[in-house]
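>>> sequence first, then the predicted structure, then my questions.
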Amino acid sequence: MHHFKTIASYCSAIGINAPKHPHFDIRSFEENMGKVKSNMPSFRHEFYAIAIKADGDGKAISGYHKDFPEGVTVFFNSPFQITSWDIFPNWSGYYVMMSQDFLSKSRLFDTLLDEYPFLKIDESIPFEIEQKDLPGILSIYEDIKEEYLSDHEDKFDFIRTYILLLLNKLRRILNNREDVKDTEDKIRKADITLLSRFQKLIKVSFYPEAELEKLANLHSPTYYAEKLNIHPNHLNAVVKGITGKSAINHIHHHLIKLAKSELVQTTASVKEIAYKLHFESPNNFSTFFKKNTGTTPLKYRKNP
């Protein structure tokens, strides 16, 4: 599967010209038609995208959301999300793409995923809007594009403000929908499913017969995030939002349970247990165990 780290490499792969800026791009679908690949197999990129399809046939699939509305549709892409499309060359509308570097330059987006959860990788569900809302949204995209093509030194300050306006507008529309509760339920179920998959993955990864990649770091949330095809920050946000504990806390909790079981029920040495649990050295294991239990492995074995 292709993975695009820059907007320029993404544009090249889908058959359109490179963007004017390395961390931000805006296009109308009309200007891409005739050039962009009409069928794009599954891929990932590392950017946020906010798009509105005013008209056109075919569909774009993000994550596991295979249902793509036929009418005026708003849809999103999140970093590391698996995306594909199969479209006819008759699309109209707009999209913007932004890197995390672009967003991090403004404090306006410090709480982006909390304020606008529809951007989260497992919650970016495409939704249809009414025709009466279309002109207002298109006008925001047009303002963004006008700034983008201008020579103003502060144009990206304006663009970030317009992006915020766009997100607020979409949030209002989404919140006013009668089926918003259904959407919230889908989001909640998706989060719970992700938590369940994460917890199961921790367990099976430490099975003795588990087939692991070379240098796999089973103690890092990043390892599990990659296996789940999501960003580590998103994994941590979902896990902490449901359980109150971070992803690393869950991993440590499982390690301690395994270590205590080995110490109490086997005669394996501390060194053997350390390597079995994928610690770099027995000293690292002993330090970790004492930090999390208040005692050493050997003392715990004598007085569990």
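That came through fine. This structure is a prediction, so every number in the text was calculated from the model and none was measured.

>>> need the strands for the protein, in chain order.
2-4, 24-28, 39-45, 47-55, 58-62, 73-77, 82-87, 92-99, 127-128 (DSSP state E).

>>> which one of these lies closest to residue 221?
strand 39-45 (18.4 Å; CB to CB). (Glycine included, C-beta is placed from N, CA and C.)

>>> what residues of the closest one count as buried?
By 16 or more other CB atoms under 10 Å, the buried positions in strand 39-45 come out as 40, 43, 44, 45.

>>> the strands of the chain: lowest mean pLDDT?
Out of the strands of the chain, strand 58-62 stands lowest, with a mean of 82 (criterion: mean pLDDT).

>>> quick one, that strand and strand 92-99 angle?
20 degrees (axes from the mean of the first three to the mean of the last three CA atoms, to 10 degrees).

>>> hang on, the earlier thing: with distance to residue 30 added, can I get the buried residues of strand 39-45 in TSV?
Listed next are the buried residues of strand 39-45 as TSV, based on distance: CB to CB, whole Å:
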residue	distance to residue 30
40	18
43	23
44	26
45	22
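
>>> between these, which sits nearest residue 290?
The closest of those to residue 290 turns out to be residue 44 (CB to CB; 40.2 Å).

>>> looks like the closest one contacts residue 77 (just checking).
No - judged on CB atoms under 8 Å, residue 44 makes no contact with residue 77 at a distance of 9.4 Å.

>>> quick check: residue 73 touching residue 55?
No - judged on CB under 8 Å, residue 73 makes no contact with residue 55 at a distance of 9.8 Å.

>>> which one's more surrounded, those two?
With neighbours defined as other CB atoms under 10 Å, residue 73 and residue 55 compare such that residue 73 has more, 20 against 14.

>>> chain neighbours aside, what residue packs nearest to that one?
Leaving aside its chain neighbours, residue 73 sits nearest to residue 53 (4.7 Å; criterion: CB to CB, 6 or more residues apart in numbering).

>>> how many other residues sit next to residue 149?
If you count neighbours by other CB under 10 Å, residue 149 ends up with 10.
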